[in-house]
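In: my questions concern the predicted model and sequence given below.
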Amino acid sequence: MRRLQAERSRAERARLKIFLGYAPGVGKSYRMLDEACRRLSRGEDVVVGAVQEKQSEDVQALLCKLDLLPMAEFPEGHALDVPAVLARRPQVCVVDPLAFQNPPGSKNLYRWQDVLDLLEGGVSILTGLNLLHVEELSKKVEVVTGKCATDTVPKSFLLAADEIVIVDVPPDLALSRLGEKLTSVGISNERERQLSELRELALLLTAEVVEAQLIHYLREHGIEPLAGMQERFLLCLTPCASAKAMIESGKRNKDRFQGELFAVYVRPPENSEEERAAIRTYLAMAREAGATVEVLDSSDPTSAIVEFARQKCITQIFIGHSSRKSWQDRIFGDPVQKLIRAAEGIDVRVFPH
Amino acid sequence: MAEPNSGRRGSLKLYLGYAAGVGKTFQMLADGHAAHERGADVAIGYFEPHARPDTIAQAETLGHVPRRKVEYRGRAFEDMDTQAILERHPEIVLVDELAHTNVPGSERNKRWEDVQALLDAGIEVWATMNVQHIESLNDQVWQITGIRVRETVPDWIIKQAGEIVAIDVTPEALLNRLKRGAVYGPQMAQKALEGFFRESNLGALREMTLRQAAHEVDARQAAYDETTAPPDTIPNIGNEKVPELARERILVHVTADPSAAMLIRRGRRVADYLQGECVVVYVHRTPVFADVPTDERAKVEKHLAFARNLRIQTEVIQGRDISETVVEFAHRHQVTQIFVARSHRHLWDGLRRGNYVEEIVRLAHDFQVTVVADRSRRQVS
């Protein structure tokens, strides 16, 4: 029984750490194996379950210090030997690369599934991943580079990792490690320009994972995260205000800030067919612009909007201003003014009519 | 800025991190070492004497320019010896902690100013800094961590850099380093763990670093495209050039109120992201600016100097009605957005003056009004 408990707590302690790079030559393998060696020198039991075939001299020097386990052989190739690693019971196992399709006859189709088995068995993992192999990004990378990846890892796997670290180097340095001539500081040619685009994608992906982890951490500690580092725009749509300029601006801001776009419509208890038609058009436009659209039912638009904004960690609210004042506005106050007062901590951008 | 006499200006490369101990200096020295191996003339201009042992080991193979010893109020300090570096004139010089403030009485106030002199002389500079030292992020850093960072670097220095490298490490690994004593001594480490080095702070600053680096990388792609692409073509995905007409022009309306600094920072940041321009405007109702009460004038002048330090154009204009004057100026200068602070005034004041924000919104027909959030501390952990 005690052994079982020990086993379970060991399993809970098993951690997954991913080293993400945007292209070959950035030095993922080196960073990962360097960490493996340092952990070994601090007394942790570290083994290498899988490594890339071609290695630089630096990486080979690090590998010499580590215990390399043999791979499982199959007629059409080799795979990470999960049963052998589990039998050896190390604390940490290095698996590089993470994106790998196992040969026929293996238990799992993909190596990332092997990694899940090891984690379940209580073995912590250090693993390397190239941006090209992130399933949701592989299309984008293909557009940039023309390279297509078949062995991919789902993004949800990255979001579930305990730790993710990006290995960021300037493109010219990455290229120089692949044997090309080193150029001056900054982007010097088309090839570097292309890599720079992948680099941006990798930085943003890492930021996304870091933010998800942070929000999770804060909520776990009973703190409602209010302001994220990511800019998030909320468009408040109504049937009367002209929403076209607002939606266009929202899209442009989302793109430039590499942020997120939301749009809400607060549906009153009753509205006319004319109003319903207008709002349908605007909601469709917002969706087209890449916004996450929601319709909220409430008779108190200000509270509904602010509540939604807080929940989504919105940093900027866009709202239209009508110069005509209805009798309700005269009695209850201008809705724009009410929103500005209620949305403390959030920028409110008013679009003229 | 004066043209360097030696011809080409040196380029700047920044190692951007989010805390002490993430490995900025280590990476800079490792890259410096590699450049030295390739035959480049690399010298260390300044690196923190409290550096970590493996960092010191990295530094030993490179040449140092000895630090300058300065005495201030009876105490001995050591600072970067800019003059000695200029005389030594290496190809590449490595400079730690770009945000550092020099000892009073030094030729220049800030290390980034020393770096300008080195760049002007045609020396390539590699430097380290943390994301929280970027001026326009100051309020957000305060909002998230509760720490008001005093030593800042204006955003145009970051823009000036030809290359930004993000130095990433997970907070877990950083906290381990700290607990092992690899970053600070034991007393300092304990203090750090309770304050700045809380996991939530580190996570937020790390995200900030990654997003900033992504933005910088993106901006450099756009700049490269502008130099290479023929006009009338859309060069690459996701980086369409902004047509001149659609260019965002942000007017930041400031008063003597302390919220002006926050407004200016936000204006700078938004303008940079939208590849637009920014102008700071102050309106006085007195016939001349000199008639504004001394106390108020001093505050306004401080805000305007701050804006100019961030390379924002400033305008002091006269007008009987403040909202009308601002709106009229905005029309004349094709402004697309006005930034104003949230009004903290009470109802009676609103009745007396009319609501200023409402007034501007009412008058603004062809531009937007952004009521900027007061990013004072709201998130506690």
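Out: Okay, I see it. Nothing here was measured: the structure is a model prediction, and the numbers come from that model. Numbering: from 1, shown residues only, chains lettered A, B, ... in the order given.
In: okay, B:Leu245: pLDDT?
Out: We have a pLDDT of 51 for B:Leu245.
In: what about the residue nearest to A:Lys140 when sequence neighbours are not counted, neighbour count?
Out: Among residues not flanking A:Lys140 along the chain, A:Leu201 sits closest, at 6.4 Å (C-beta to C-beta, 6 or more residues apart in numbering or on different chains). C-beta here means a position set from N, CA and C on the backbone, and glycine is covered the same way. By other C-beta atoms under 10 Å in any protein chain shown, 20 other residues sit near A:Leu201.
In: mind checking how far the helix or strand harbouring A:Leu201 is from the chain centre?
Out: Take DSSP states H and E as the rule and A:Leu201 turns out to sit in helix A:190-220. Between the centre of helix A:190-220 and the centre of its host chain there is 6 Å, according to C-alpha atoms, centre = their mean, to the nearest Å.
In: same check on stretch B:321-336?
Out: 28 Å.
In: please see if that stretch touches chain A.
Out: No. Using C-beta under 8 Å from any C-beta of the partner chain, stretch B:321-336 never reaches chain A; the gap is at least 9.2 Å.
In: if you count neighbours, what's buried in that stretch?
Out: Residues B:Ile322, B:Ser323, B:Thr325, B:Val326, B:Val327, B:Phe329, B:Ala330, B:Val335, B:Thr336 are the ones in stretch B:321-336 that count as buried (16 or more other C-beta atoms under 10 Å in any protein chain shown).
In: I'd like those residues written out as TSV, with distance to B:Arg311 and secondary structure added.
Out: TSV is the format used below for the buried residues of stretch B:321-336 (distance: C-beta to C-beta, whole Å; DSSP: H, G, I helix; E, B strand; the rest coil):
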residue	distance to B:Arg311	secondary structure
B:Ile322	26	helix
B:Ser323	27	helix
B:Thr325	25	helix
B:Val326	22	helix
B:Val327	25	helix
B:Phe329	20	helix
B:Ala330	21	helix
B:Val335	18	coil
B:Thr336	19	coil
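In: quick check: of these, which lies closest to chain A?
Out: Distance to chain A across those (C-beta to the nearest C-beta) is lowest for B:Thr336, with 9.2 Å.
In: in contact with that closest one, which residues?
Out: B:Thr336 makes contact with B:Arg247, B:Glu248, B:Arg249, B:Ile250, B:Gly276, B:Phe367, B:Gln368 under the criterion C-beta atoms under 8 Å, 6 or more residues apart in numbering or on different chains.
In: most surrounded residue in those residues?
Out: B:Ile250 (24 neighbours).
In: bridged to that one, which residues?
Out: As for beta bridges, B:Ile250 partners with B:Cys278, B:Gln337 under DSSP bridges.
In: go ahead and confirm it touches B:Val335.
Out: Yes. At 7.2 Å, B:Ile250 and B:Val335 qualify as touching, with contact defined as C-beta atoms under 8 Å.
In: which residues do the two both contact?
Out: With C-beta under 8 Å, 6+ apart, B:Ile250 and B:Val335 have common neighbours B:Val279.
In: coming back round to it: and the contacts of B:Thr336, which of them are in strands?
Out: Counting by DSSP state E, the contacts of B:Thr336 place B:Arg249, B:Ile250, B:Gln368 in strands.
In: so which of those residues comes closest to chain A?
Out: Nearest to chain A among these, with distances taken as C-beta to the nearest C-beta, is B:Gln368, at 5.5 Å.
In: OK, contacts around that closest one?
Out: B:Gln368 makes contact with A:Ser249, A:Arg349, A:Val350, A:Phe351, A:Pro352, B:Thr336, B:Gln337, B:Ile338, according to C-beta under 8 Å, 6+ apart.
In: tabulate those (a markdown table), appending pLDDT and distance to B:Glu226.
Out: A markdown table is the format used below for these (pLDDT from 0 to 100; distance: C-beta to C-beta, whole Å):
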| residue | pLDDT | distance to B:Glu226 |
| --- | --- | --- |
| A:Ser249 | 90 | 23 |
| A:Arg349 | 93 | 28 |
| A:Val350 | 91 | 33 |
| A:Phe351 | 89 | 30 |
| A:Pro352 | 81 | 32 |
| B:Thr336 | 91 | 21 |
| B:Gln337 | 93 | 24 |
| B:Ile338 | 94 | 28 |
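In: of all pairs in those residues, which one spans the longest distance?
Out: The largest separation in the contacts of B:Gln368, counting by C-beta to C-beta, is between A:Ser249 and B:Ile338 at 14.4 Å.
In: more neighbours, these two?
Out: When A:Ser249 and B:Ile338 are compared for neighbours, B:Ile338 comes out ahead with 28 against 21, by other C-beta under 10 Å.
In: so the more buried one makes contact with B:Val371?
Out: No. The pair B:Ile338 / B:Val371 is not scored as a contact, 9.6 Å apart, by C-beta under 8 Å.
In: what residues are shared contacts of the two?
Out: With C-beta under 8 Å, 6+ apart, B:Ile338 and B:Val371 have no common neighbours.
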